[in-house]
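Student: Quick check, what structure comes out for this input:
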Amino acid sequence: MKLLSAAIAVSLALTAAAGPSLAQVPPPQTQPADPRSNSQIVSELTLLLDLGGTVDQQNKAVDTIIAQPDVLPPWHYLKVCTVLWLRGDRQQAAFWFYIFKIRANAWGRYDPSVEPMVNGFSRDFGQIVDRWIQGDDAVWRDTYARALSYERRIPLYPHPPEGVSAETWQREMADWRQSAQAEQDRAFALTEKELAKRRKRDKVKPGPLQNAGAPLPDDWR
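Tutor: Numbers count the residues shown, from 1 in each chain. Take a look at the predicted model:
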């Protein structure tokens, strides 16, 4: 894998796509709100992936990964998230980002060559997605819950990280799924008053999401 020489161009494209009405998944109460603006987050985001080729070629590659999620190691889902977001399918990008967080973070724990990329993408792209989708509580809950359910159903990449046995990898994935479910349960347990307080703090205007793009296919659940 090589560093993407066009990272700046991608960041600029993300800045244009991000818009002013992004929302953030509420952080733990002990964690202060990120002081960076959306544009700062995006400008600091370095995407370590190859977005070469034409737009049609990129879309075809992403559609292939979506249709066959076990065709590549899961950190490649970051390309799925990015391309979906850039082409305007933001809800689908959020859906695959929630899947990415489980599988790619599990993978990164055993693969130091991709761990920094996974952590950086989870943090920075995650804030962009979360700040957007938190504007509509119903869409956020539906997307989040369906992503976690769908992740359990789709096949894993058949080859665990180097040096990791199949049994260890299955245990690792079970642990990450359990952690993701617990995180979702905590988020969904927030009262409307608590959510409203956090939206106000993060300057999020509740309401229908802008540029959601294509809806989630019915079988993504």
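
Student: in this structure, which helix has the most residues?
Tutor: helix 166-188 (DSSP state H).

Student: list the helices and strands that one packs on?
Tutor: The contact analysis (3 or more Cβ pairs under 8 Å, 6 or more residues apart in numbering; DSSP states H and E) places helix 166-188 against helix 90-108, helix 137-153. For the C-beta atoms, the positions are set from N, CA and C on the backbone; glycine is no exception.

Student: Tell me how far the helix or strand just after it lies from the chain's centre.
Tutor: Later in the chain than helix 166-188, the nearest helix or strand by DSSP states H and E is helix 192-201. Its chain's C-alpha centre and that of helix 192-201 lie 22 Å apart, by Cα atoms, centre = their mean, to the nearest Å.

Student: One more: stretch 214-221?
Tutor: On Cα atoms, centre = their mean, the centre of stretch 214-221 falls 16 Å from the chain's centre.

Student: got the contact list for that stretch?
Tutor: Applying Cβ atoms under 8 Å, 6 or more residues apart in numbering, the external contacts of stretch 214-221 come out as 89, 91-92, 95, 142-143, 146-147, 149-150.

Student: if we can go back for a sec, how big is the angle separating the longest helix of the chain from helix 137-153?
Tutor: For helix 166-188 against helix 137-153, the angle by axes from the mean of the first three to the mean of the last three Cα atoms, to 10 degrees is 170 degrees.

Student: So for helix 166-188, what gets flagged as buried?
Tutor: Neighbour-count burial for helix 166-188, counted by 16 or more other Cβ atoms under 10 Å, picks out 169, 172-173, 176-177, 180, 183-184.

Student: Give me the most central residue, the protein.
Tutor: Centroid-nearest residue in the chain: Phe97, 2.0 Å away (criterion: Cα atoms, centre = their mean).
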